[in-house]
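Q: Quick one, structure for this:
(chains A and B)
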Amino acid sequence: ETGVTQSPTHLIKTRGQQVTLRCSSQSGHNTVSWYQQALGQGPQFIFQYYREEENGRGNFPPRFSGLQFPNYSSELNVNALELDDSALYLCASSPSGRAAKDTQYFGPGTRLTVL
Amino acid sequence: AQSVTQPDIHITVSEGASLELRCNYSYGATPYLFWYVQSPGQGLQLLLKYFSGDTLVQGIKGFEAEFKRSQSSFNLRKPSVHWSDAAEYFCAVAGANNLFFGTGTRLTVIP
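A: Presented below is the predicted three-dimensional model:
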């Protein structure tokens, strides 16, 4: 069983640019969630996708968007980057849409720095 | 609304000493509670979880946690800490389809 992988590991962008982060879920996991972890903070929920449909969203603006693909990969897109978007972005997969009880398996994260 | 408080930002213990990390939650119904550990450069690894039943939950790496409804707490314990336990520890409560995390407790282990 392969784990959750994310790419790239690190990324540096400038304010106003757009970025795409990628995640590969564990095989068979239909749910992927994205979290933002600012320095010194716990992860904050951005949104979740279940079978390629958005299945819940946290308190993040629409410039944060996502996609989930049938091959268990997914993307997080952020437009019009702001300095406060600098953070570790974590992807987590779980086997079903009942995320409250499912164990979420986290990837190692992508460290985004916005200058 | 769900929330988690971890009152201790940083804890230092000697190797071999016992450990208790505090977690308080806010949730209206019976909560689903989790403890995760994050090592530098790593993602979050699940240590243990509580859904219902026995209030003392055993996890991996010798960790355990006790759910106390009367105190809205879910404290993590380990009887004897190893140097490899140095990491950031996060308590979380499940929402409808996501986890609400505390701000974490950083554990330093001194020889």
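Q: Going by C-alpha atoms from here, please, whenever you check contacts or count neighbours.
A: Fine.
Q: Pull the residues that contact stretch B:59-69.
A: B:47-50, B:55-58, B:73-79 (Cα atoms under 8 Å, 6 or more residues apart in numbering or on different chains).
Q: Keeping just the C-alphas, turn that stretch into CSV.
A: Extracted C-alpha coordinates of stretch B:59-69, given in CSV (Å, rounded to 0.1, in the frame of the first residue of the first chain):
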residue,chain,number,x,y,z
GLY,B,59,-2.3,3.8,20.3
ILE,B,60,1.0,3.2,18.5
LYS,B,61,4.5,3.8,19.9
GLY,B,62,3.3,3.1,23.5
PHE,B,63,0.9,6.1,23.7
GLU,B,64,-2.5,6.1,25.3
ALA,B,65,-5.2,8.7,25.8
GLU,B,66,-8.1,9.0,28.2
PHE,B,67,-11.4,10.6,27.2
LYS,B,68,-13.1,12.4,30.1
ARG,B,69,-16.5,13.8,29.1
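Q: Please identify which residue in chain B comes closest to chain A.
A: residue B:43 (3.8 Å; Cα to the nearest Cα).
Q: For the nearest residue to that residue once chain neighbours are set aside, grab phi and psi.
A: Distance criterion Cα to Cα, 6 or more residues apart in numbering or on different chains; nearest residue to residue B:43, sequence neighbours excluded, is residue A:108 at 3.8 Å. Torsion angles at residue A:108 (phi, psi; degrees, to the nearest 10) stand at phi -80, psi -10.
Q: quick one, what contacts residue A:108?
A: A:4-6, A:90, B:41-44.
Q: Buried among these? Need that as a selection in PyMOL.
A: Here is the PyMOL selection string for the buried members of these, based on 16 or more other Cα atoms under 10 Å in any protein chain shown:
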select buried, (chain A and resi 4+5+6+90) or (chain B and resi 43+44)
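Q: Need the max-distance pair from the contacts of residue A:108.
A: Greatest spatial distance among the contacts of residue A:108 (Cα to Cα): A:4 and B:41, at 14.2 Å.
Q: Report the secondary structure state of residue A:81.
A: When classified by DSSP: H, G, I helix; E, B strand; the rest coil, residue A:81 comes out as coil.
Q: and chain B, which residues reach chain A?
A: Counting by Cα under 8 Å from any Cα of the partner chain, the positions of chain B adjacent to chain A are B:32, B:41-46, B:51, B:90, B:94-104.
Q: so residue A:85 sits right up against residue A:79, yeah?
A: No. Counting by Cα atoms under 8 Å, residue A:85 does not reach residue A:79; the two are 10.3 Å apart.
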